[in-house]
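S.K.: When you get a sec, could you give me coordinates for this:
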Amino acid sequence: MRPLIGISASMEVDQTYYMTATENVKAITEAGGMPVIMPILSEEKELDELAERLDGLYLTGGYDIDPTKFGEEPHPDLGTIIPIRDSFEMAMVHKMRELNKPILGVCRGCQIMNIAIGGDMYQDIYSQNNEQLLQHSQKAPKAHRSHYVYVEEGSLLFQLVGKSKISVNSRHHQANRTVPDDFKVSGKASDGIIEAIESKDNTFYLGVQWHPENLASKNIEEAKNIYNGFIKACKKD
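M.R.: The predicted structure follows:
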């Protein structure tokens, strides 16, 4: 039986409907998972039941993250936030970690994974960073690989992609800033922006700042290997 993977959904400010890119569903399906798009829940019993039923959690991209979740007030360049989504995803991260179940996050998903475990982030990398940065919100097709990520050898990410340097797509203006001690940065851009985080233990807890779902749809090997590795980790013995 294919592992059941909960896919987080985005929504607009009016909160009238859920949405996710079809490439998120396709990436999970083609890697051998059974995808289910999750509603945003808040009751403890509902969260517990959902976490128990899922074999893995996939946190997708979307709008900005509420800065009060990491002890800050809103920066002038903060974009749209949907606080109930932040709360739900952070709660699910904790529930799944308690059950030692795999989690994969992309773009915003990478950021919410870090905030959930006590890290912090840039509300806007350009106005909160004194260094000259790359163009992280590319003006190009979604699957265009616009810059490089340098991968730490020996990391989970390195094991998945098999390379110390990969080219990725990029659509973000927020990024992780610091990561708690029990976790590590396993990928960075040439300008120092954090591009991947993971757990230091043997669990599958991986967040990447780019959008591998777009690359997997174009049969980019490194991207497909990330999903294949995630689903493999989600399979029950």
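
S.K.: buried stuff in stretch 217-235?
M.R.: With burial defined by 16 or more other CB atoms under 10 Å, the residues of stretch 217-235 counted as buried are 217, 220, 222-231, 233-234. For glycine as for every other residue, the C-beta is placed from the backbone atoms N, C-alpha and C.

S.K.: Now do it: everything it contacts.
M.R.: 3, 5, 23, 26-28, 30-33, 55-56, 58, 101-102, 104, 143, 145, 156-157, 159-163, 166, 204, 206, 208, 212-216 (CB atoms under 8 Å, 6 or more residues apart in numbering).

S.K.: repeat that for 6 Å
M.R.: 3, 23, 27, 31-33, 55-56, 102, 104, 143, 160-161, 166, 204, 212, 215-216 (CB atoms under 6 Å, 6 or more residues apart in numbering).

S.K.: Sort out for me which of those are in helices.
M.R.: In helices, defined here by DSSP state H, the members of the contacts of stretch 217-235 are 23, 27, 160-161, 212, 215-216.

S.K.: ok, the residue nearest to the spatial centre of the chain - contacts?
M.R.: Nearest to the geometric centre of the chain sits Gly105, at 2.1 Å (CA atoms, centre = their mean). Gly105 makes contact with 59, 113, 207, according to CB under 6 Å, 6+ apart.

S.K.: Could you do Gly33 as well?
M.R.: Contact partners of Gly33, counting by CB under 6 Å, 6+ apart, are 2-3, 5, 231.

S.K.: before we move on, the earlier item: can you redo the contacts of Gly105 as a markdown table with neighbour count, secondary structure and distance to His75?
M.R.: Formatted as a markdown table, the contacts of Gly105 follow (neighbours: other CB atoms under 10 Å; DSSP: H, G, I helix; E, B strand; the rest coil; distance: CB to CB, whole Å):
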| residue | neighbour count | secondary structure | distance to His75 |
| --- | --- | --- | --- |
| Leu59 | 26 | strand | 22 |
| Met113 | 29 | helix | 21 |
| Gly207 | 29 | strand | 21 |
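
S.K.: Kindly reformat those as JSON lines containing pLDDT and distance to Asn129.
M.R.: Conversion of those to JSON lines gives the following (pLDDT from 0 to 100; distance: CB to CB, whole Å):
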{"residue": "Leu59", "pLDDT": "98", "distance to Asn129": "24"}
{"residue": "Met113", "pLDDT": "98", "distance to Asn129": "21"}
{"residue": "Gly207", "pLDDT": "98", "distance to Asn129": "20"}
